[in-house]
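Chemist: Got a predicted structure plus its sequence, pasted below:
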Amino acid sequence: MRRLAWPFLATLAVLAAPTLAQAGLLPPLPALDETGSLDDGDSGANWYLRGSAGVSLPASPSLRPYTVPGVATRGEVLHAGWAVGGAVGYQWGWLRSDISLDYLGRRDFSERFTGACGTGCSGTLKGEFSAVPVLANFYYDIGTWKGLTPYLGAGLGVAHLHWDDLKLAGQCNGPCPAASGEGHWRFAWQVGAGVSYAVSEKVTVDADYRLLDLGKAGAGSTATGSVAADTIWDNELRISLRYKLN
């Protein structure tokens, strides 16, 4: 009998606690702190404009000079540069999508070579590179924690790659030819991740990293051959501002 009474008394105490607290016989129950909880997101839909600026980190694309048979290259570097861009997009809940147009400013390229200008020759291939990618991007906002919203992104599109004139400089037995630069449209894609912070109901700040694949493109040509580029990767750190239009 005593064993059956304990569950009954415990249940009665739980049911009576709110009544006793209201009557002032017990201290009030503590309030739940929801300041650090994960938000469920905004179910509204909005058009937005986005402007971004960032830095392109040094990368290592491979060029294959075909100007002279027997060329060997090593240590190629696409030096740091800058990038700006804009986009128009639409957001619904945790998903958003935009069409972006970016300009990757001219970046110095250098690559050490041997054998390009004659037997025992060594030197450096130098030039400048720029690109204009046009991408359709999709983003997924994971959630909001203390005002910060991490997100993932990906995009597909095309990019126009442009190389200025390339020069072969070094100590050679023969003349070192210069290659006239070329420009091409190529398939491009990007993946990235970042975090956003809503400054106001209209303005949001994004900070992100993206890996941009600009495809393969010819870098230049001479009377004796061409200079071809392998896949060019662009590593970018960007800061963006998004402005809701409605």
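Modeler: On my side now, so go ahead.

Chemist: Now do the strands in the protein.
Modeler: Using DSSP state E, the strands of the chain run over 45-57, 63-65, 72-78, 81-92, 95-114, 122-141, 148-163, 167-171, 180-181, 183-198, 203-213, 217-222, 225-229, 233-244.

Chemist: Now mean pLDDT too, for those strands, in TSV please.
Modeler: Formatted as TSV, the strands of the chain follow (pLDDT from 0 to 100):
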stretch	mean pLDDT
strand 45-57	92
strand 63-65	61
strand 72-78	72
strand 81-92	95
strand 95-114	89
strand 122-141	89
strand 148-163	95
strand 167-171	68
strand 180-181	74
strand 183-198	94
strand 203-213	95
strand 217-222	70
strand 225-229	69
strand 233-244	94
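
Chemist: These into TSV, with extra columns for mean neighbour count?
Modeler: All C-beta atoms are positioned from the backbone trio N, CA, C, and that covers glycine. Below are the strands of the chain laid out as TSV (neighbours: other Cβ atoms under 10 Å):
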stretch	mean neighbour count
strand 45-57	16
strand 63-65	20
strand 72-78	15
strand 81-92	17
strand 95-114	18
strand 122-141	19
strand 148-163	18
strand 167-171	16
strand 180-181	16
strand 183-198	17
strand 203-213	17
strand 217-222	21
strand 225-229	20
strand 233-244	18
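
Chemist: Would you agree residue 218 is in contact with residue 229?
Modeler: Yes: counting by Cβ atoms under 8 Å, residue 218 touches residue 229, with 6.8 Å between them.

Chemist: any residues in contact with both of the two?
Modeler: Counting by Cβ atoms under 8 Å, 6 or more residues apart in numbering, the common neighbours of residue 218 and residue 229 are residue 163.

Chemist: Residue 147 against residue 198, yeah?
Modeler: Yes: Residue 147 sits in contact with residue 198 when judged by Cβ under 8 Å, with a separation of 6.9 Å.

Chemist: Tell me how far residue 191 lies from residue 213.
Modeler: 9 Å (Cβ to Cβ, to the nearest Å).

Chemist: and if you look at residue 229?
Modeler: Taking Cβ to Cβ as the measure, residue 229 falls 13 Å from residue 213.

Chemist: Can you tell me who the closest residue to residue 122 other than its chain neighbours pairs with across the strands?
Modeler: Distances taken as Cβ to Cβ, 6 or more residues apart in numbering place residue 114 nearest to residue 122, at 4.7 Å, with adjacent residues excluded. Residue 114 has these beta-bridge partners by DSSP bridges: residue 72, residue 122.

Chemist: change the start of the numbering to 29 and stick with it
Modeler: In the new count, where the first residue is 29, that last one comes out as residue 142.
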